[in-house]
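[1] structure, please.
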Amino acid sequence: MPRKKTSTKTMQQPKVSWTKWLMTTLLKLCFAVLMSLVIYMIYLDAKVTKTFEGQRWQIPVQVYGKAEHLHFDAEINLPKLAASLLANGYQKVSEVKHAGEFAQSKSRLIIFQRAFEHQDGLVQAKTITIDQENNRVVHLYVNNERVQQVALEPLLLARIVANNQEDRVLIGLEEIPEQLLDTLLLIEDKHFYHHKGVSPFAILRAFYQNLRAGRTVQGGSTLTQQLVKNMYLTREKSLTRKVKEALMALILEFRYSKDQLLEAYVNEVYLGQHYANGIYGFGLAAKFYFGKPIQELNHAQIALLIAQIKGPSYYDPWRHSDRAKQRRDLILRLMFEQNFLSQDEFVLALESRLQIRKQRRFSQQKYPAYMQLVKHELNNVIPVELQKSGIRVYTGFSLRSQQLVEQTVTEQLPLLEKKHQQANLQSAMIVTDIASGEIKAIVGDRDTDFAGFNRALSAKRPIGSLIKPAIYLAALERYEEYNLATLLDDKAITLNSEKGQQWQPKNYDGQYRGQVPLAEALIKSLNVPTVNLGMSLGLSKIADSIHLLGYPKDITMRPSMLLGAMNMSPIEVNQLYLPIAGKGSYKEAHAITKVTSAQGETLWQYQDTVEQRFSTNASYLINFALNQVTKTGTAKSLTWRVKGAELAGKTGTSNDLRDSWFVGYDNNNLITTWLGKDDNKSTGLTGSSGALILFADFIKRNGVTSYQLSTPDSVAMTLFELKTGNAVKESCDGTVSYPAISAGIIISEQCLKVKKDNRSWLEKFFGD
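    All right, here's what the predicted structure looks like:
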């Protein structure tokens, strides 16, 4: 049977349809992939720009002390100033050549001061020369020009690291030594300024080298890809991650300049591990490895820093010094070959040791008690999120005051324990600038480096007789009723509570004097007259006085409060006495004075507003009495402990000698001191035998500026009759002189006893 012929056209039709379908499908697939890629690139672009243009890093809070000012004829101690420079990272040398160095002789100190950010702006680097004679500044020079005063670089107290445990020192590209940047690009990406984020040549070269070696010996990532890996991606090793890395690198290169990317890299690169905290960026790494700012690194140190990029753990100079030196020397050779170093510089660097810090651990946070106060205040004035943006916090911290108060506690507590056969004494001390309210120093434990329970801020203890000035101040404000000579009853009394309980206050010595002048009751810290005075004024009036002095909490009003049966922390007591020492002017005691952004913008500043809460007249009278406390009263031992000084203050002792308090002040500083035991057992110490000893030791070490009492025009020394408390004329006998507010005084024409005229008849005839 003949085969049926099939036309060519009929045979080829299915083939054409299948090809068309395949091409159409491929085109659709390519379009879908392309659209997906576009959408994915848009997503990546949004992610990249959001991070890069927003807050890229959580930068630690930098906390600074107060910038100390030196001026002509000021008292100075060169060894102590040198010690503070060392604490601030300066290096002692025989000849000053570079910023961050100082040289010292017996009578001269030369400092090459670094440039630094002060709360008032940028201070340029300069050379300061200080000449001293007899512990006073006799010559002061800045860059060889004579000046009257100069500000020293404030101490960096601490860096408060965020919860993500990444620490870094943010630096601008202009702050980085040019040699470091050149070496970085030489080692990590010599074509950085010529590629577009991904280098195919570098990838092929790395592939070839790895194939030859049979293992990974070289990477093909550009600096931009490394930045992407550090800033955006995980450490996962997969083809998907590498593609994502390349795409994001291309986006970064398209969006931002090479300098912007390089600056981001030097602040982002991982360079080591300090226990739980990662070391990120060259700024912090310079301090971590060498203990100095990046601008002060030498050639060998720059090479070692670059060496860490390849493997901070593998080339750890503390654990693997031979490896680290081998890698450093290789980089030095490459630097020499590229003419980054002269031959002499190369040889000197190659022969040098690693020059790292002796210990891997950064020194533990210093001044923990003070830093606890700073953190507490910071949370009250700046939102937590904003604290992660590299803000700078300026405080009233004084390194000298802190060192002295720590020395006092460390040395005096063992002596008191030995003398009074005690053990486990604890202490808290606070030093405050009276004029500004700035807290200069804090100790919250006998171990001054202890970062746990801070007794200065958190120990609530009965304050005893420290409450008395608030009571007497309330009385002296009512000048028509009360003055320093007003007689108060000092007789046995019994008070009944609402529940029928009886309370019989007694004086510390167990004696009663019948009646005593108001001033003597305060100076001698007598309990019974104080209770009588407080009950006469009314407990609500006393509570008002305590609140006006700065105690913010509610007060349970019962008679025992008049003898300090209320618990306060040393920081609360310190606030209570600040308006008294400030002559009635209220200001809040504070550590933080100013907070600025990383760019220097003021975010918060303490407003020093003057609020006269007590009259200058009454404040003068209370300070007169507290000055007498240190001369003839419960703190009279200060007359020989701190000879020739005018001081004021008040002792305080709680029941069974559990708490020993003293609050004292000169013209500049208010010092609040507490001694006690954590188990609340007796210390065997009164305020005068315990806390006062620490106050006296500190004030002597610090130097005293005698307290100055300026008598208001409306106050005059007045003669009072002791037995009646009346203001009398000079002809009366049995009198005492006290300052008094003239408007509240009426001179009595009569007195109980007139002075005898003991003159001879000749003196009477001819007169005096």
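[2] buried sites along stretch 128-147?
    For stretch 128-147, burial by neighbour count (16 or more other Cβ atoms under 10 Å) applies to 128-132, 137, 140-141. Glycine gets a C-beta too; all of them are placed from N, C-alpha and C.
[3] over to the closest residue to residue 124 other than its chain neighbours: give its phi and psi.
    The shortest distance from residue 124 to any residue other than its chain neighbours is 5.4 Å, reached at residue 115 (Cβ to Cβ, 6 or more residues apart in numbering). The phi/psi pair for residue 115 (degrees, to the nearest 10) reads phi -70, psi 140.
[4] count the residues that sit near residue 115.
    Per other Cβ atoms under 10 Å, the neighbour tally for residue 115 reads 14.
[5] phi, psi of residue 393?
    phi -110, psi 120.
[6] ok, the buried residues of stretch 128-147 vs residue 309, which is closest?
    residue 128 (37.0 Å; Cβ to Cβ).
[7] hang on, the closest one is in a helix, isn't it?
    No: Residue 128 is assigned strand when assessed by DSSP: H, G, I helix; E, B strand; the rest coil, not a helix.
[8] partner residues bridging the residue nearest to it when sequence neighbours are not counted?
    The spatially closest residue to residue 128, leaving aside those adjacent along the chain, is residue 111, at 4.5 Å (Cβ to Cβ, 6+ apart). For residue 111, the beta-bridge partners are residue 102, residue 128 (DSSP bridges).
[9] in the stretch 651-768 of the chain, which ranges drop under the pLDDT threshold?
    Within the stretch 651-768 of the chain, the stretches with pLDDT under 70 are 756-768.
[10] do a quick rundown of the helices in it.
    691-702, 761-766 (DSSP state H, counting those that start in this stretch).
[11] kindly report the same for the stretch 251-400 of the chain.
    Secondary structure of the stretch 251-400 of the chain by DSSP H, counting those that start in this stretch: the helices cover 258-268, 282-290, 299-307, 321-337, 343-351, 368-381, 399-420.
[12] now the third one, how far from the centre of its chain.
    By that I understand helix 299-307. Taking the mean of its C-alpha atoms, helix 299-307 sits 33 Å from the chain's own mean (Cα atoms, centre = their mean, to the nearest Å).
[13] can I get the helices of the stretch 251-400 of the chain in TSV with mean neighbour count and distance to residue 188?
    Converted to TSV, those look like this (neighbours: other Cβ atoms under 10 Å; distance: least, Cβ to Cβ, whole Å):
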stretch	mean neighbour count	distance to residue 188
helix 258-268	19	9
helix 282-290	24	12
helix 299-307	25	8
helix 321-337	18	11
helix 343-351	14	20
helix 368-381	19	37
helix 399-420	18	40
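[14] out of the ones you listed, which comes closest to residue 605?
    helix 368-381 (9.4 Å).
[15] flag every buried residue along stretch 607-618.
    In stretch 607-618, counting by 16+ other Cβ under 10 Å, buried: 613-618.
[16] and which of the residues you listed is nearest to residue 521?
    residue 618 (16.2 Å).
[17] now the closest one. Nearest residue, chain neighbours left out?
    Distance criterion Cβ to Cβ, 6+ apart; nearest residue to residue 618, sequence neighbours excluded, is residue 476 at 4.2 Å.
[18] for residue 448, the count of nearby residues, please.
    Number of residues near residue 448 (other Cβ under 10 Å) recorded here: 22.
[19] hmm, it is touching residue 403, no?
    No: contact criterion Cβ atoms under 8 Å: residue 448 and residue 403 do not qualify, at 9.7 Å.
[20] what segments of the stretch 101-250 of the chain are helices?
    178-188, 200-213, 223-231, 239-255.
[21] let me know the closest of the buried residues of stretch 128-147 to residue 596.
    Out of the buried residues of stretch 128-147, the member with the shortest distance to residue 596 (by Cβ to Cβ) is residue 128, at 24.3 Å.
[22] quick one, what contacts the closest one?
    Listed by Cβ atoms under 8 Å, 6 or more residues apart in numbering, the contact partners of residue 128 are 110-111, 113, 140-142, 150, 152.
[23] where's residue 509, which helix or strand?
    Under DSSP states H and E, no helix or strand contains residue 509.
[24] tell me how far it lies from residue 634.
    Using Cβ to Cβ, to the nearest Å, residue 509 is found at 11 Å from residue 634.
[25] one more: residue 622?
    Counting by Cβ to Cβ - residue 622 and residue 634 are separated by 16 Å.
[26] run through the stretch 151-300 of the chain and note the low-pLDDT ranges.
    162-167, 200-220, 233-239, 241.
[27] at 80 what do you get?
    For the stretch 151-300 of the chain, the stretches with pLDDT under 80 are 160-168, 170, 197-221, 228, 230-245, 248, 251, 275-277.
[28] any idea how far stretch 176-195 is from the middle of the chain?
    In terms of Cα atoms, centre = their mean, the centre of stretch 176-195 is found 38 Å from the chain centre.
[29] buried residues in that stretch?
    Those buried within stretch 176-195 under the rule 16+ other Cβ under 10 Å are 176-177, 179-181, 183-184, 186-189, 192, 195.
[30] out of these, which two sit at the greatest distance?
    Among the buried residues of stretch 176-195, the pair separated by the greatest distance (Cβ to Cβ) is 177 and 195, at 24.4 Å.
[31] got TSV for the buried residues of stretch 176-195, with distance to residue 312 too?
    Formatted as TSV, the buried residues of stretch 176-195 follow (distance: Cβ to Cβ, whole Å):
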residue	distance to residue 312
176	19
177	20
179	21
180	17
181	20
183	17
184	15
186	19
187	15
188	14
189	18
192	21
195	26
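[32] closest to residue 513 among those residues?
    Using Cβ to Cβ, those come closest to residue 513 at residue 176, 75.9 Å.
[33] show me what contacts that closest one?
    266, 282, 294.
[34] same deal with residue 747?
    Going by Cβ under 8 Å, 6+ apart, the list of residues near residue 747 reads 727-729.
[35] next, format these as JSON lines and append neighbour count and distance to residue 32.
    Output for the contacts of residue 747, formatted as JSON lines (neighbours: other Cβ atoms under 10 Å; distance: Cβ to Cβ, whole Å):
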{"residue": "727", "neighbour count": "21", "distance to residue 32": "104"}
{"residue": "728", "neighbour count": "22", "distance to residue 32": "109"}
{"residue": "729", "neighbour count": "15", "distance to residue 32": "112"}
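[36] just these now: which is nearest residue 664?
    Among those, residue 727 lies closest to residue 664 (Cβ to Cβ), at 31.1 Å.
[37] just checking, the closest one touches residue 740?
    Yes: taking contacts as Cβ under 8 Å, residue 727 lies within contact range of residue 740: 7.1 Å.
[38] shared neighbours of the two, anything?
    Counting by Cβ under 8 Å, 6+ apart, the common neighbours of residue 727 and residue 740 are 485, 718, 720.
[39] top of those by neighbour count?
    In the shared contacts of residue 727 and residue 740, the most neighbours by other Cβ under 10 Å go to residue 720, 26 neighbours.
[40] give the contact list for that residue.
    Contact analysis of residue 720 by Cβ under 8 Å, 6+ apart lists 483-485, 517, 726-728, 735-738, 740.
[41] how close does it get to residue 633?
    For residue 720, the distance to residue 633 - Cβ to Cβ - is 18 Å.
[42] also residue 367?
    Applying Cβ to Cβ to residue 367 and residue 633 gives a distance of 34 Å.
[43] give me the more crowded residue out of those two.
    Between residue 367 and residue 633, counted using other Cβ under 10 Å, residue 367 has the larger neighbour count: 25 against 22.
[44] tell me if I'm right that the more buried one and residue 402 touch.
    Yes: here residue 367 reaches residue 402: they are 5.8 Å apart, a contact under Cβ under 8 Å.
[45] need the overlap of contacts for those two.
    Counting by Cβ under 8 Å, 6+ apart, the contacts common to residue 367 and residue 402 are residue 442.
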